[in-house]
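Q: Have a look; sequence and predicted model below, questions after that.
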Amino acid sequence: MRALVQDMGVDHPATPAVVVSNNADAGGIAWAQAQGIATAVVDHRPFGNDRPAFEAALSVALAPHAPDIICLAGFMRILTAGFSDPWAGRIINIHPSLLPKYPGLDTHARALAAGDARHGCSVHEVTAVLDAGPLLGQADLAITPDDTAESLAARVLKLEHQLYPAVLRRFAAGDRSRVTLHG
């Protein structure tokens, strides 16, 4: 989120409208407030397994800010079609793998266990199918013999901070062509 906001300078086709988190203690909330960006917290826990109710509360939090695009960043909640369908073509996410490989969790450990030579991250449009929306960009790097899941995660995170802003810049300008970066 910080990388996206910090990239939004004078020449950027987007401006941050609001930062919403499901965790009141998320560092991004305090940082966004310090930047003068509106924030909201919608804690998922009171909703239990009622995803539609949680998503309705998210929609209520977003509504006053009327965002054109939603960028998920570190938002570890699965969104249903009830939320993603109305935002179709306007909601994007970053994922720490070279999709379609390794949707879901533990991507770095899975890439290492598979003996992959390369790993990276992907930015995609969000659909109701987990990590399966159209790809907008990918960045990759070589896996080294001494990589651990933790070291690989740290290296991929650096790529995420380059890829996501590059994709958002194009996406906000109406360009859906794929961005490719190599580390």
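A: Nice, I can see it.

Q: rest of the way, CA atoms for contacts and neighbours
A: OK.

Q: need the longest helix for the chain.
A: As assigned by DSSP state H, the longest helix anywhere in the chain is helix 149-172.

Q: Now that one: buried residues?
A: 152-153, 155-156, 159-172 (16 or more other CA atoms under 10 Å).

Q: Kindly report the same for stretch 130-146.
A: Result for stretch 130-146 [16+ other CA under 10 Å]: buried residues Asp131, Gly133, Pro134, Leu135, Leu136, Gly137, Gln138, Ala139, Asp140, Leu141, Ile143.

Q: Nearest to Pro52, out of these: which one, please.
A: Nearest to Pro52, judged by CA to CA, of these is Asp131 at 19.2 Å.

Q: Return the backbone torsion pair for the closest one.
A: phi 50, psi 30 (degrees, to the nearest 10).

Q: what's the neighbour count on Val82?
A: Let me fix one detail, which is that residue 82 is Gly and not Val. Gly82 has 13 neighbours, counted by other CA atoms under 10 Å.

Q: Does it touch Pro52 like I think?
A: Yes. Using CA atoms under 8 Å, Gly82 makes contact with Pro52 at a distance of 6.9 Å.

Q: For the buried residues of stretch 130-146, give me JSON lines that also has pLDDT, distance to Arg178 and secondary structure.
A: JSON lines is the format used below for the buried residues of stretch 130-146 (pLDDT from 0 to 100; distance: CA to CA, whole Å; DSSP: H, G, I helix; E, B strand; the rest coil):
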{"residue": "Asp131", "pLDDT": "95", "distance to Arg178": "16", "secondary structure": "coil"}
{"residue": "Gly133", "pLDDT": "96", "distance to Arg178": "13", "secondary structure": "coil"}
{"residue": "Pro134", "pLDDT": "97", "distance to Arg178": "10", "secondary structure": "coil"}
{"residue": "Leu135", "pLDDT": "98", "distance to Arg178": "7", "secondary structure": "strand"}
{"residue": "Leu136", "pLDDT": "98", "distance to Arg178": "5", "secondary structure": "strand"}
{"residue": "Gly137", "pLDDT": "98", "distance to Arg178": "5", "secondary structure": "strand"}
{"residue": "Gln138", "pLDDT": "98", "distance to Arg178": "8", "secondary structure": "strand"}
{"residue": "Ala139", "pLDDT": "98", "distance to Arg178": "11", "secondary structure": "strand"}
{"residue": "Asp140", "pLDDT": "98", "distance to Arg178": "14", "secondary structure": "strand"}
{"residue": "Leu141", "pLDDT": "98", "distance to Arg178": "17", "secondary structure": "strand"}
{"residue": "Ile143", "pLDDT": "98", "distance to Arg178": "23", "secondary structure": "coil"}
